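> mind looking at a prediction? Sequence and model below.
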Amino acid sequence: MTVNGITKQTHFSDLLESVMQKSIPEREKTVAVLLSGGMDSVSLALSAQRIGKQVHAYSFYCDDSPSYDSLKAQDVSAEFGFEFTPINVSTDNLRSDFIRLANTYRCRKKTHFETTFPMMYVLPKIQEQIVLVGIGADGHFGMNKSAMMHHIRPKEKFDKLRHTVFHGPDNPNRTDGEPVHPTSDRRFLQMLCDENARRLLMPYTFTEIFDYFIQFEWDEIHKPQQKYLVRKCYPELEGLQIKPHLNYQLVSGVSKAFERLLDDPEINFANRSRIMDICRDWHYAISAA
């Protein structure tokens, strides 16, 4: 099978390096990578290094408590010679930060608030022009609970899920090398990058990457190990034990910190028992204003 010249025999890392080589100007000698403890961001960092870029890795943790992500990012950076900047995100101003997220960025869902919150502190610290992130990777892998229960087999179901996630990559208006799914996560991060005059680059959302993964069944991607189709391209990671990755807002404790807002009458003006409802209340109130 060939999709736009891409076959199953194509080495994934070769493809990733190719799209990054075309997307990162030659003059940019160093790139920033938002590095977590997961395979997606690590693959971006290693691929950037392979094409001759110096990597400056950034990771965050909350309230002076390093997380698994930040510690693993530090380990990976030390192993491969990346410059590493850990960023401590304070939750002391969570009330005002929440209001800013609602008013300025128009966050709507709980995940929008919680994933955008730490990035308000991270993006201003980034020195480089190009910011590489692993957003979009999950859309190829079908790893969430709903997908694994209902959508990964047969391949036709898995294909339908991936086409839905990526908003119809067969759209005739698409352009090779451009992102094919403007996810909500991307929208908020894009706003922050624009504010800080940084260019957001999400290689996992590029059409070439979609065209590669859509050829495979779920088991071909994940057997004998989760994300094996990607992992096997980076054998140098074998000793570092890159684990299955949880959402960074959970690993870092952001979600737990947001629970404090339940006791804040200014934020929880409808006396809700769930943060997701508070977020929805604020979205509706601001939209109606």
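Received it, and whenever you're ready, just let me know what you need.
> now Leu16. Nearest residue, chain neighbours left out?
Once flanking residues are discounted, Leu16 sits nearest to Ser47: 4.8 Å by Cβ to Cβ, 6 or more residues apart in numbering. C-beta here means a position set from N, CA and C on the backbone, and glycine is covered the same way.
> same question, Glu266
With Cβ to Cβ, 6+ apart as the criterion, Glu266 has its nearest non-adjacent residue at 6.8 Å, and that residue is Arg95.
> so the one you found makes contact with Asp263?
No: using Cβ atoms under 8 Å, Arg95 is not in contact with Asp263, being 10.9 Å away.
> the more surrounded of these two?
Comparing Arg95 with Asp263 by other Cβ atoms under 10 Å, the one with more neighbours is Arg95, at 14 against 8.
> measure how far the host helix or strand of that one is from the centre of its chain, please.
Secondary structure assignment for Arg95, by DSSP states H and E: helix 94-103. Distance of helix 94-103 from the chain centroid (Cα atoms, centre = their mean, to the nearest Å) equals 22 Å.
> that helix: what's the following helix or strand?
Going down the chain from helix 94-103, the next helix or strand is helix 110-122, by DSSP H and E.
> quick one: contacts of that next one?
34, 58, 60, 62, 87, 89-90, 94, 97-98, 100-102, 105, 107, 184-185, 188-189, 192, 247-249, 252, 254-255, 258, 275-276, 279 (Cβ atoms under 8 Å, 6 or more residues apart in numbering).
> so for it, mean pLDDT?
Across helix 110-122, pLDDT averages out at 96.
> that helix versus helix 94-103: what angle between them?
Counting by axes from the mean of the first three to the mean of the last three Cα atoms, to 10 degrees, helix 110-122 lies at 110 degrees to helix 94-103.
> could I get the buried residue list for helix 110-122?
110-122 (16 or more other Cβ atoms under 10 Å).
> what residues are up against the closest residue to His56 other than its chain neighbours?
With sequence-adjacent residues excluded and distances taken as Cβ to Cβ, 6+ apart, His56 is closest to Glu83, at 4.5 Å. Glu83 makes contacts with 30, 54-57, 77, as judged by Cβ under 8 Å, 6+ apart.
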